[in-house]
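I would like to see how this sequence folds:
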Amino acid sequence: MIDAREALDRLKSGNRRFVAELHNRDGSAGRERRREVAAAQEPMAIILGCSDSRVPAEIVFDQGLGDLFVIRVAGNIVAPSQIGSVEFAAERFCTRLVVVLGHSRCGAVIATIEQLRRPWTEQSRNLRSIVDRIRPSVESLMATDTGQDTDAMVHHAVRANIRVAANQLRHGSEILEHLIQHEGLVVVGAEYSLETGIVDFFDGVPT
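This next block holds a predicted model:
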């Protein structure tokens, strides 16, 4: 079992390789690796990320088959199915690091800001369920000076949404709470920059 600190170090190293375009070519997706993970998997990290096509976790962190257990949903929101997926991986595979991975200029966050400023009567119920989960992270910013600057608003709202999601995982599941308190599970929040490719781990990172 890989502990949370080592897994985090591996993700950081992988992201540095990705940014430097020094990708790992050691057969991490080759025939032998396929055979190895077909028998069993031991992912070193659980990634709850946004579905955005520009943020594929395995590429961003330069990892191979079987290295990451990835859950993707628009806006990296936390709903019961996402919590259950994290619980499953943390218990079944003894994975000890969970990363909530948001990204700059997140479309789901922008949609939420637009909805708060000018409600859409034609919005589907399914899309509204995503927006409603992001809304609390955005509403508190709307009344501040930040709310008057769209770019600043989006930046701060993305980070607030990541923090909220990470806290929901830390405190919204008895199973995860137990693993955090007794088994070394760590939940961190991170933001991927679409512009630079850099992942900034900024919430809940062990000192």
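
any idea where the helices of this protein begin and end?
Ranges of helices within the chain are 4-20, 31-39, 57-60, 80-92, 107-117, 125-142, 150-171, 174-182, based on DSSP state H.

Grab the nearest non-local neighbour of residue 2.
With sequence-adjacent residues excluded and distances taken as CB to CB, 6 or more residues apart in numbering, residue 2 is closest to residue 44, at 4.5 Å. Yep, even glycine has a C-beta here, placed from its N, CA and C like the rest.

From residue 89, how far off is the one you found?
Distance of residue 44 to residue 89, given as CB to CB, to the nearest Å: 11 Å.

Equivalent analysis for residue 42, please.
For residue 42, the distance to residue 89 (CB to CB) stands at 10 Å.

Neighbour count: those two, which is higher?
residue 89 (21 against 14; other CB atoms under 10 Å).

Which of the helices of the chain comes out lowest on mean pLDDT?
Across the helices of the chain, helix 31-39 has the smallest mean pLDDT, namely a mean of 83.

List the buried residues for it?
33, 37 (16 or more other CB atoms under 10 Å).

So which elements touch that helix?
Helices and strands touching helix 31-39, as assessed by 3 or more CB pairs under 8 Å, 6 or more residues apart in numbering; DSSP states H and E, are absent.

For that helix, what is the distance to the chain centroid?
Distance of helix 31-39 from the chain centroid (CA atoms, centre = their mean, to the nearest Å) equals 26 Å.

pull the CA atoms of that helix into PDB?
Output of helix 31-39 as PDB, limited to C-alpha atoms (Å, rounded to 0.1, in the frame of the first residue of the first chain):
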ATOM      1  CA  ARG A  31       1.300  -5.200 -22.800                       C
ATOM      2  CA  GLU A  32       2.900  -6.300 -19.600                       C
ATOM      3  CA  ARG A  33       1.200  -3.600 -17.600                       C
ATOM      4  CA  ARG A  34      -2.100  -4.600 -19.200                       C
ATOM      5  CA  ARG A  35      -1.700  -8.200 -18.100                       C
ATOM      6  CA  GLU A  36      -0.600  -7.100 -14.600                       C
ATOM      7  CA  VAL A  37      -3.600  -4.800 -13.900                       C
ATOM      8  CA  ALA A  38      -6.000  -7.300 -15.500                       C
ATOM      9  CA  ALA A  39      -5.400  -9.600 -12.500                       C
END
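
Backbone dihedrals for residue 96, both of them.
For residue 96, the backbone dihedrals (degrees, to the nearest 10) come out as phi -110, psi 10.

From what I see, it and residue 183 are in contact.
Yes - judged on CB atoms under 8 Å, residue 96 makes contact with residue 183 at a distance of 7.2 Å.

For the two, indicate the residue with more neighbours.
residue 96 (23 against 13).

out of everything not next to it in sequence, what's closest to the more buried one?
Closest residue to residue 96 apart from its sequence neighbours, by CB to CB, 6+ apart: residue 4 at 4.5 Å.

Pull the contacting residues for the one you found.
96, 97, 184, 185, 186, 206 (CB atoms under 8 Å, 6 or more residues apart in numbering).
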